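K.L.:
Pasting a predicted model and its sequence here:
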Amino acid sequence: RAMEVAAAGSHNIIMVGAPGSGKTMLAKRLPSILPPLTIEEALETTKIHSVAGKMSVNQSIVSVRPFRNPHHTISDTALVGGGSYPQPGEISLAHNGVLFLDELPEFKRNVLEVLRQPMEERKITIARTKQTSEYPASFMLVAAMNPCPCGYYNHPTQACTCGLGAVNKYLNKVSGPLLDRIDIQLEVVPVPFKELSTLKEGESSEVIRKRVIEARKIQQERYKNLPIFSNSELNAKLIKQFCVLSTDCESLLKTAITKFNLSGRSYDRILKLSRTIADLDGAENISVSHIA
């Protein structure tokens with residue numbers, strides 16, 4: 001459900017869980033529930049990949065949403081772009097698609113921090129002595145990480161071998177300001193063998209994708225006269241316009257903000273996510289269940 005909400009509103013998501021709990025598998029399946037590229041998106045994406053020399057000989061246009069999965073040893077230049085003759089980096093190559101960062105704390109701190117500006121502005125500017133280049137960078141950030149160095153902190157059956165200091169040091173590799181820009185922070189619990197061995201089938205990607213497409217259509221109609229395309233792009237002014245709350249919703253949200261000591265950005269994030277959940281339900285207004 002969390003991946004469906006992320007896809008429907010183009011929200012950033014981080015998954016925290018033990019090794020083998022399915023984080024990478026979920027991330028790699030995400031493109032299968034995303035809506036197809038529009039003509040405008042396909043042309044824009046093709047231009048970026050063409051400039052970067054990523055188009056194959058027989059390829060005339062990028063027809064599927066990009067899924068970029070850089071290794072954690074990547075440099076900040078390779079991630080954001082640059083060089084003597086500025087080229088698009090991974091965040092621009094993921095434009096209109098997904099940027100997947102596996103083992104998030106293993107990335108160098110300075111590499112992760114350069115993500116903050118493009119996540120807010122959805123573009124990246126590369127300044128050099130001779131020229132300045134600006135590339136679009138409207139991507140979904142999907143990240144995965146273990147809860148500690150050994151991977152088994154808070155695991156239901158396996159014992160964690162890390163000291164408390166080691167756990168905190170590991171988690172602190174990902175800064176608070178970066179986490180505050182990620183809409184969905186999800187704990188992924190390993191699936192018990194009993195459930196793995198059953199033949200019960202879940203929903204197919206095609207079924208989920210139809211719901212995602214319907215939710216995106218609602219957003220396209222709602223924002224047709226605005227320079228945004230999804231709920232994740234709402235700013236504070238537009239949130240007040242499109243995320244109007246009832247008295248009961250305001251009361252629940254006020255309680256949550258106070259109890260969990262959430263930031264102003266978290267308040268906005270909850271409203272944007274609630275708007276997406278309401279769109280998936282086909283509801284015109286945000287209700288208490290969507291906030292919850």
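P.N.:
Arrived safely, thanks for sending. These numbers were taken from a predicted model, which means no experiment stands behind them.
K.L.:
So Gln185, which state does it fall into?
P.N.:
Using DSSP: H, G, I helix; E, B strand; the rest coil, the structure places Gln185 in strand.
K.L.:
Actually, Thr125.
P.N.:
strand.
K.L.:
so which helix or strand takes in the nearest residue to it once chain neighbours are set aside?
P.N.:
Ranked by C-beta to C-beta, 6 or more residues apart in numbering and with sequence neighbours excluded, the top spatial neighbour of Thr125 is Glu134, at 4.9 Å. Glycine gets a C-beta too; all of them are placed from N, C-alpha and C. Using DSSP states H and E, Glu134 sits in strand 132-136.
K.L.:
just checking, what packs against that strand?
P.N.:
Strand 132-136 is packed against helix 39-51, strand 123-127, with contacts defined by 3 or more C-beta pairs under 8 Å, 6 or more residues apart in numbering; DSSP states H and E.
K.L.:
Contacts for the shortest one, please.
P.N.:
Applying C-beta atoms under 8 Å, 6 or more residues apart in numbering, the set of residues contacting strand 123-127 from outside is 80-82, 86, 89, 91-92, 117-118, 132-138.
K.L.:
Could you spell out the sheet neighbours of that strand, each with its direction?
P.N.:
Applying DSSP bridges to the sheet, strand 123-127 is found paired with strand 132-136 (antiparallel).
K.L.:
Could you export whichever helix or strand comes after the partner strand as PDB, CA atoms only?
P.N.:
Toward the C-terminus, strand 132-136 is succeeded by strand 140-145 as the next helix or strand (DSSP H and E). Taking C-alpha atoms only, strand 140-145 is exported to PDB below (Å, rounded to 0.1, in the frame of the first residue of the first chain):
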ATOM      1  CA  MET A 140      11.100   9.900  -7.100                       C
ATOM      2  CA  LEU A 141      13.700   9.100  -4.500                       C
ATOM      3  CA  VAL A 142      13.400   5.500  -3.300                       C
ATOM      4  CA  ALA A 143      16.000   4.500  -0.600                       C
ATOM      5  CA  ALA A 144      16.600   1.300   1.300                       C
ATOM      6  CA  MET A 145      18.700   0.800   4.400                       C
END
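K.L.:
and Arg265, what does it touch?
P.N.:
Arg265 sits next to Asp180, Arg181 when contact means C-beta under 8 Å, 6+ apart.
K.L.:
and which of the contacts of strand 123-127 is nearest Thr73?
P.N.:
Closest to Thr73 out of those is Gly89 (14.6 Å), distances taken as C-beta to C-beta.
K.L.:
how close does the closest one sit to Ile184?
P.N.:
The spacing between Gly89 and Ile184, counted by C-beta to C-beta, to the nearest Å, is 24 Å.
K.L.:
What ranges does the stretch 101-250 of the chain have for its helices?
P.N.:
Secondary structure of the stretch 101-250 of the chain by DSSP state H, counting those that start in this stretch: the helices cover 109-113, 116-121, 164-171, 176-179, 193-196, 205-222, 236-242, 247-260.
K.L.:
how about the helices and strands packed on strand 132-136, which one is nearest Ser21?
P.N.:
Among these, helix 39-51 comes nearest to Ser21, with 31.5 Å by C-beta to C-beta.
K.L.:
Determine the set of other helices and strands touching the very next helix or strand once past that closest one.
P.N.:
Per DSSP H and E, the first helix or strand lying C-terminal to helix 39-51 is strand 67-68. The contact analysis (3+ C-beta pairs under 8 Å, 6+ apart) places strand 67-68 against strand 98-101.
K.L.:
can you list the helices of the stretch 101-250 of the chain in JSON lines and add mean neighbour count?
P.N.:
Shown next, in JSON lines, are the helices of the stretch 101-250 of the chain (neighbours: other C-beta atoms under 10 Å):
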{"stretch": "helix 109-113", "mean neighbour count": "15"}
{"stretch": "helix 116-121", "mean neighbour count": "16"}
{"stretch": "helix 164-171", "mean neighbour count": "14"}
{"stretch": "helix 176-179", "mean neighbour count": "13"}
{"stretch": "helix 193-196", "mean neighbour count": "8"}
{"stretch": "helix 205-222", "mean neighbour count": "16"}
{"stretch": "helix 236-242", "mean neighbour count": "13"}
{"stretch": "helix 247-260", "mean neighbour count": "12"}
